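Asker: Predicted model follows, preceded by the sequence.
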Amino acid sequence: MAKILIGNYEASIYPEGDGYAGAISLGFKPNGKRNRPKRKGKNKEAVKAKLRELVDELEKGVQADQNYTVKQAVNALLIHLAKQGKSDRTMKTYRGLADNHIIAKIGNVKLKKELTPDLVETWLDECAENMTTQTLRIVHGLLRRSIRLAQRRDKVDRNVAVLVDTPQGMKPTRRSRSLTLKQAVKLLRSAQDPQHRLGAYVILAVVTGLRTEELRALTWNNVDLKKKVVYVLRSDRDGGDTKTKKSRRGFTMADNAVDALKALRKRQAAEKLEAGDAYKDHNLVFCHEDGTPYTDGDVLRRFQKLTAAAGVGSDWVPRELRHTFVSLMSDHEVADEVISDLVGHSSTQTTRTVYRHQLRPVVRKGGEKMNEIFKDDKSKSA
């Protein structure tokens, strides 16, 4: 058995099976047994290289687990996120993506020994064949975060997932649409019908551009019907926060929204009186008959019934009311900067990126300036 020194550690290399094995002496474990991490190789040089790598990890404070798998890392991340308070809805989405696209395909791959940038790139390319770009980014992000958590816990020394760019998904994303003015008028008229419980929700969404999660979280405390003002201070997101700081905003409402909310408030008062102690009062503007909050699924089902009744189709989704608001504002020559403030974006660049299909900017300054420049020449030629 050959004794050697690797860095500041005493090591030994010896024949084992068809090759060689090497071990570094790290003293004793808490249970009194010797602490001698072991590495194997086909020859002495291969073993030495692995021992040097081990010493490098030890000096960095990393004690990599040679058999720690992608599956273990991903499951550890999901447990960690759940403890941090991620919503059940978010965790259900993450679990489904992780099980079907990460664990099922590369779950048994060992982080330290087998997971390489090339393997990650190949896996992402395969996923891209049946995924939208947005979903692919989430899946890739889960792998990156899983390995980053493994790094923090000294399971691995580098994160190979950050070395690979997310490819474009080949599955087309359903592009959000916006209602035309004619369609919006038909929808608003139908929404005024008392039989549609979601009518006030739809009207407020069209005339304010509020996000669907902001509408679901809206309380009567943040609605002033006398001043015709609505304040957005929270949303139905993890933690209850709005999407950005600038999303916390207040603005006046159109008269049709005020009228719809007044009617809704009277209706809720009657329902609360009838339900008595069974009413679960969360002070929500939009809720079920018993006061309980709407889920996004509840809103979708009711909304599509309303659009079908209005004769504009049944395949619309609530977020497209926000796109409709932006489109109508842009059609009537409201400046991008004003639209950005109204929808609560952090910058006009965000508005132009997210709603590029709805915005119709008209650049007038160039033409106006040229009219001034050639004004004298035009008068001379007349």
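Answerer: Good, I have the coordinates.
Asker: got the contact list for stretch 138-145?
Answerer: For stretch 138-145, contacts defined as C-beta atoms under 8 Å, 6 or more residues apart in numbering pick out 70, 74, 77, 93-94, 97-98, 101-102, 120, 124, 127, 131, 159, 161-162, 164, 166. Every C-beta, even on glycine, is put in place using the N, C-alpha and C of the backbone.
Asker: what's the answer for stretch 307-322, then?
Answerer: Against stretch 307-322 from outside (C-beta under 8 Å, 6+ apart): 176-179, 183, 186-187, 189-191, 193, 196, 202, 205-206, 209-212, 296, 299-300, 303-305, 343.
Asker: on that earlier part again, buried members of the contacts of stretch 138-145 into PyMOL, please.
Answerer: With 16 or more other C-beta atoms under 10 Å as the criterion, this PyMOL line picks the buried residues out of those:
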select buried, resi 70+74+77+94+97+98+101+102+120+124+127+131+159+161+164+166
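Asker: pretty sure Asp296 is touching Ala217, no?
Answerer: No. Between Asp296 and Ala217 there is no contact under C-beta atoms under 8 Å: 11.6 Å.
Asker: More neighbours: which of these two?
Answerer: Between Asp296 and Ala217, counting by other C-beta atoms under 10 Å, Ala217 is the more crowded of the two (24 against 15).
Asker: how close does that one get to Val206?
Answerer: Separation of Ala217 from Val206 (C-beta to C-beta, to the nearest Å) stands at 18 Å.
Asker: isn't Asn130 right up against Lys171?
Answerer: Yes. In this structure, Asn130 is within contact of Lys171 by C-beta under 8 Å, at 5.9 Å.
Asker: Would you point out which residue is most central in this protein?
Answerer: Nearest to the geometric centre of the chain sits Ile138, at 7.5 Å (C-alpha atoms, centre = their mean).
Asker: now this structure, which segments are flagged as low pLDDT?
Answerer: 1-2, 29-30, 57-65, 173-176, 233-249, 333-382 (pLDDT under 70).
Asker: Do a quick rundown of the strands in it.
Answerer: Secondary structure of the chain, counting by DSSP state E: strands at 2-6, 9-16, 19-24, 38-41, 223-224, 229-232, 249-252.
Asker: what's the closest of the ones you listed to Arg267?
Answerer: Nearest of the strands of the chain to Arg267, taken as C-beta to C-beta: strand 223-224 at 14.8 Å.
Asker: which residues are in contact with that closest one?
Answerer: Contacts of strand 223-224 (C-beta under 8 Å, 6+ apart): Val229, Val230, Tyr231, Leu261, Val285.
Asker: That one pairs with which strands?
Answerer: Partners of strand 223-224 in the sheet, by DSSP bridges, are strand 229-232 (antiparallel).
Asker: Buried residues, the strand it pairs with. List them.
Answerer: Val230, Val232.
Asker: Stretch 27-35 now?
Answerer: For stretch 27-35, it's none, nothing buried (16+ other C-beta under 10 Å).
Asker: so how far is the first residue of it from its last?
Answerer: Between the opening and closing residues of stretch 27-35 there is a gap of 6 Å (C-alpha to C-alpha, to the nearest Å).
Asker: hey, where'd the helices end up in the stretch 201-350 of the chain?
Answerer: For the stretch 201-350 of the chain, helices defined by DSSP state H, counting those that start in this stretch occupy the ranges 212-217, 255-275, 296-310, 319-331, 336-343, 348-354.
Asker: Give me the distance from the third one to the chain's centre.
Answerer: On the basis of C-alpha atoms, centre = their mean, to the nearest Å, the separation between the geometric centre of helix 296-310 and that of its chain is 24 Å.
Asker: Can you list the buried residues in that helix?
Answerer: So for helix 296-310, counting by 16+ other C-beta under 10 Å, buried means Asp298, Val299, Leu300, Arg302, Phe303, Gln304, Leu306, Thr307, Ala309, Ala310.
Asker: mind listing what Glu227 touches?
Answerer: No Glu there; residue 227 is Lys. Contacts of Lys227 by C-beta under 8 Å, 6+ apart are Thr252.
Asker: Leaving out sequence neighbours, find the closest residue to Gly19.
Answerer: Residue nearest to Gly19 in three dimensions, not counting chain neighbours: Lys42, with 4.5 Å by C-beta to C-beta, 6 or more residues apart in numbering.
Asker: ditto for Leu77
Answerer: Ser146 (4.2 Å).
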